[in-house]
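Trainee: Fold the following and give me the result.
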Amino acid sequence: FISKNVANIAYVKPILNFIERYGKIAFAILLLIGLYRIADVVMGVVANVFYLDKGFNVKDIATYSKFFGVFATIFGGLIGGIFAIKFGTMRALFIGAIVAATSNLLFAWLAISPPDTKLLIIVITADNISSGFAGAAFVVYLSALTSIKFTATQYALFSSVMLFLPKLIAGYSGGWVDVIGYPNFYILTAILGLPVLGLIIWISKVAPVKN
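Mentor: Numbers count the residues shown, from 1 in each chain. Predicted coordinates for the structure are as follows:
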């Protein structure tokens, strides 16, 4: 009996609290959460394989993607956080969705270009900065959605929703590449991010976040 009450408090009440606060809009918000990082996640699954297929060596990939890429992500995160504070969470979320999807087009450009280390650096840096910006804006948004009573549980649930659909779709990324090739694949992943923009605009009107 006690364990059931604990489970009710830990899982059911945070969900009901979220639905009660946002009503029908709650499901639209969950859809936004589930789609926001889709362009990034679906594209990122095959990134390292793509670098190798383009002829870049493992050392260059590790250096520019895993080392410099981390600093670029941090830099993008700082910009995203500052932007959210100065111009509002929903605007930052919107810009983050645009740059995240647009950066995928740089990979399409890299895919049709001859192997060039400088171009690789540009693409990886731009992608990580945009990812950091979008990630920071998204964290601010998720934090604003949580209730003080259930902050940890609701944030954990939002994070799970955020990755479920993108990871599910990303599992088929390799098959898509085999069928349509890298350039078209990266263009497709950019297109996947477009519906998010419409959701952000609509939700910002009916359920704006107070900064």
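Trainee: Lowest average confidence across helices and strands of this structure, where is it?
Mentor: Every helix and strand of the chain was ranked by mean pLDDT, DSSP states H and E. The lowest is helix 2-7, at a mean of 50.
Trainee: What is the helix or strand that that helix is followed by packed up against?
Mentor: Following helix 2-7 in sequence order, the next helix or strand is helix 13-22 (DSSP states H and E). Identification of packing neighbours for helix 13-22 by 3 or more Cβ pairs under 8 Å, 6 or more residues apart in numbering; DSSP states H and E yields helix 25-35, helix 151-170. From N, CA and C alone the C-beta is placed, and that goes for glycine too.
Trainee: Out of these, flag the one nearest residue 104.
Mentor: Among these, helix 151-170 comes nearest to residue 104, with 13.0 Å by Cβ to Cβ.
Trainee: Also compute the angle for the closest one relative to helix 13-22, please.
Mentor: Comparing the axes of helix 151-170 and helix 13-22 via axes from the mean of the first three to the mean of the last three Cα atoms, to 10 degrees yields an angle of 90 degrees.
Trainee: And the top helix by length along the chain, what's buried?
Mentor: Using DSSP state H to define each element, the chain has its longest helix at helix 117-145. Within helix 117-145, the residues that count as buried by 16 or more other Cβ atoms under 10 Å are 120-121, 123-142, 145.
Trainee: what do you get for stretch 176-186?
Mentor: By neighbour count on 16+ other Cβ under 10 Å, the buried set for stretch 176-186 is 176, 177, 182, 183, 185, 186.
Trainee: Need the residues you listed in TSV (columns: distance to residue 98).
Mentor: As requested, those are exported to TSV (distance: Cβ to Cβ, whole Å):
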residue	distance to residue 98
176	23
177	24
182	22
183	21
185	20
186	16
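Trainee: Show me which of the residues you listed is closest to residue 205.
Mentor: Relative to residue 205, and with distances defined as Cβ to Cβ, the nearest of the buried residues of stretch 176-186 is residue 186, at 31.4 Å.
Trainee: Where does the closest one sit, in terms of helix or strand?
Mentor: helix 173-192.
Trainee: Point out where this structure drops to low pLDDT.
Mentor: Across the chain, the ranges flagged by pLDDT under 70 are 1-11, 208-211.
Trainee: Need the residue closest to the centroid of it.
Mentor: With distances taken as Cα atoms, centre = their mean, residue 37 lies nearest the centre of the chain, 2.3 Å away.
Trainee: Neighbours of the closest residue to residue 117 other than its chain neighbours, how many?
Mentor: Once flanking residues are discounted, residue 117 sits nearest to residue 60: 6.2 Å by Cβ to Cβ, 6 or more residues apart in numbering. Neighbours of residue 60 under the rule other Cβ atoms under 10 Å: 15.
Trainee: Buried residues, the helix or strand hosting residue 60. List them.
Mentor: Element membership for residue 60 (DSSP H and E) is helix 58-61. Under the neighbour-count criterion of 16+ other Cβ under 10 Å, helix 58-61 has residue 61 buried.
Trainee: Mind listing residues that contact it?
Mentor: Helix 58-61 is contacted from outside by 48, 51, 52, 117, 120, using Cβ atoms under 8 Å, 6 or more residues apart in numbering.
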